[in-house]
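> Fold the following, please.
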Amino acid sequence: MIKNSYFKLSGYVGLFGPIQFIVLSTVAMFYYGGGTAWNHDALGYTFWQNFLSDLGRTVSYSKVENTISSPLFNLSLGLFGLSIVMLHTSSLRLFRSKLGYPISIMGMISGVGMVVIALAPDDLSSGLHMLGVWIWALTLLFASVLIVIHELRSNDGNKHFIILSILMAFAIAFHISQGVFDIWGPIVATTQKIVVYLNCGWYLCLSRKHLIQS
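Presented below is the predicted three-dimensional model:
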């Protein structure tokens, strides 16, 4: 009974995480101080040229303090990360195969990576911030690939979820390759947006699978 209740609760928490992140990070965009990594004089938040983590900087590129956007974004990202950790603590019940343990472990580590990013704004601790980014991206890639394999082997695998997982895995791999080959420019910020919002949609679907299973 307790296990069933926790499994269901983790599904609801998994839904809450990406939804609150999308809402609060969007609100934070309206309060961003301005500037991008390439144009410090840009006004406000430029959706396809600013990174999402620019919202978490304590001081924007235009030297304006992010008194609202920084705590709002970092809080939402931290909550998203914690929701992912909780979701994956019960995902063994969802992935009943030898892949279940590595999926759960990679998923939880990915959530921890998000929390690290939230606790280390880029302008205060760039090294730790980027470490969190790498932890989040690499483990999320491994988790998504393993889930694709699991779903393809499963008799009741959801085709739409498999397609979404494959798309996200390719997007993450491309984003990681940008870092490996030191590609820099607005295209990287654009790719990040695609990856993060795919990630949000993916976790909404995964959480829904939890609730259906419960």
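> List the buried residues for stretch 165-174?
Residues of stretch 165-174 classed as buried: Ser165, Ile166, Met168, Ala169, Ala171, Ile172 (neighbour count, 16 or more other C-beta atoms under 10 Å). For the C-beta atoms, the positions are set from N, CA and C on the backbone; glycine is no exception.
> May I see the buried residues of the helix or strand hosting Leu138?
Using DSSP states H and E, the element containing Leu138 is helix 126-153. Buried residues in helix 126-153, counted by 16+ other C-beta under 10 Å: 129-130, 132-133, 135-148, 150-151.
> by contact count, what packs against it?
Using 3 or more C-beta pairs under 8 Å, 6 or more residues apart in numbering; DSSP states H and E, the elements in contact with helix 126-153 are helix 100-119, helix 159-180, helix 186-213.
> Need the winner for burial among those.
Highest mean neighbour count of the helices and strands packed on helix 126-153: helix 100-119, a mean of 21 (counted as mean count of other C-beta atoms under 10 Å).
> how far is that helix from where the chain is centred?
Offset of helix 100-119 from its chain centre (C-alpha atoms, centre = their mean, to the nearest Å): 10 Å.
> Quick one: work out the angle between it and helix 126-153.
In terms of direction (axes from the mean of the first three to the mean of the last three C-alpha atoms, to 10 degrees), helix 100-119 departs from helix 126-153 by 150 degrees.
> Mind checking the pLDDT average for helix 100-119?
Across helix 100-119, pLDDT averages out at 97.
> for that helix, packing partners?
helix 69-89, helix 126-153.
> Make a markdown table out of those helices and add distance to Ala118 and mean pLDDT.
Converted to a markdown table, the helices and strands packed on helix 100-119 look like this (distance: least, C-beta to C-beta, whole Å; pLDDT from 0 to 100):
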| stretch | distance to Ala118 | mean pLDDT |
| --- | --- | --- |
| helix 69-89 | 4 | 98 |
| helix 126-153 | 8 | 96 |
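> where's Tyr31 relative to Ser62, distance?
The gap separating Tyr31 from Ser62 is 13 Å, by C-beta to C-beta, to the nearest Å.
> And for Met29, the neighbour number?
The burial count assigned to Met29 is 18, neighbours taken as other C-beta atoms under 10 Å.
> tell me the secondary structure for the closest residue to it other than its chain neighbours?
What sits nearest to Met29 in space, not counting adjacent residues and going by C-beta to C-beta, 6 or more residues apart in numbering, is Tyr45, at 4.3 Å. Following DSSP: H, G, I helix; E, B strand; the rest coil, we place Tyr45 in the coil state.
> quick one: contacts for Tyr45?
If a contact means C-beta atoms under 8 Å, 6 or more residues apart in numbering, then Tyr45 has Met29, Phe30, Tyr32, Gly34, Asp54, Leu55 as its contacts.
> Report the contact partners of the second one.
So that's Phe30. Listed by C-beta under 8 Å, 6+ apart, the contact partners of Phe30 are Gly44, Tyr45.
> from here on, count from 592
Will do, 592 is the new start, and the previous item becomes Phe621.
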